[in-house]
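how does the following fold in three dimensions:
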Amino acid sequence: MILDYLENFLKKIDHYRDELLFLFIKPFWPKKITPNHLTWLRVLISIILCVLLFGFGIENKGLIIWLFIIGALTDLLDGSTARGLNMVTEFGAMLDATADRLLVLPIAIYSLYQSQKLLLILLLLAELANGLTSLFYKSKEIYLESNIFGKTKMVILCVVLAVILIVWPKPPALFFIDVLWASLIFSFLSIFSRVLELKSKGHITSKIMNKELNKL
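Next up is the predicted model:
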């Protein structure tokens, strides 16, 4: 199945990323700094960005870009740190997903509202749908592991939104807008993979939905 092949391919890339970071994390990482510390830092940065952009209307491009890049780096490191130091927890996984959304949403609103309203609305709806799916997933007492499609989507959003911030207030090249549209595919795949897992565990009982899923 194409979806399985894509998922395995992305997981291999993620595994190689982990192995590369482990070379630094395992021997040198300060033990007092936990993965959740990094994730909470991303939450704090997200709040600061919201306050600066929408509370005070501060548009210091250098400050906004650096805050966003630091937040994105915490996302790069927190999961790998948790796996490298054997500190993976369900709370950490849930906090990580929430922090991801908090980081990208204010930047997406700030940079896309004027010129790409439809794209912005769809990105917001996709994040809302992903969040609701994760809550339902958790309500079934299933351990909320990281979703490789969600990870890929987050990487795409961080890279493209950083580029858009750099060229702001000039409009970004059409290529980057197209990439943001493509990120919606990974949002859908993230939701779809969770639905398939719920079905496999017997948590979806609708005959109609099961019939449609079996066709895929």
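
and the helix or strand harbouring Val43, what does it pack against?
In the assignment (DSSP states H and E), Val43 maps to helix 35-50. Helix 35-50 is packed against helix 61-84, helix 90-112, with contacts defined by 3 or more CB pairs under 8 Å, 6 or more residues apart in numbering; DSSP states H and E. Every C-beta, even on glycine, is put in place using the N, C-alpha and C of the backbone.

mind listing what's buried along it?
Pro35, Asn36, Leu38, Thr39, Leu41, Arg42, Val43, Ile45, Ser46, Ile48, Leu49, Cys50 (16 or more other CB atoms under 10 Å).

excluding chain neighbours, what is closest to Ile70?
Ile45 (6.2 Å; CB to CB, 6 or more residues apart in numbering).

before we move on, what about Ser111?
Ile164 (4.7 Å).

give me the element that neighbour is part of.
Here Ile164 is assigned to helix 148-167, by DSSP H and E.

what's the angle between the helix or strand following that helix and helix 90-112?
Scanning forward in sequence from helix 148-167 by DSSP H and E, the next helix or strand is helix 174-200. Interaxial angle of helix 174-200 relative to helix 90-112 (axes from the mean of the first three to the mean of the last three CA atoms, to 10 degrees): 150 degrees.

which other helices and strands contact helix 174-200?
helix 2-28, helix 117-139, helix 148-167, helix 207-215.

buried sites along the longest one?
Spelled out, that is helix 2-28. When burial is assessed from 16+ other CB under 10 Å, helix 2-28 yields the following buried residues: Glu7, Leu10, Asp14, Leu21, Phe22, Ile25.
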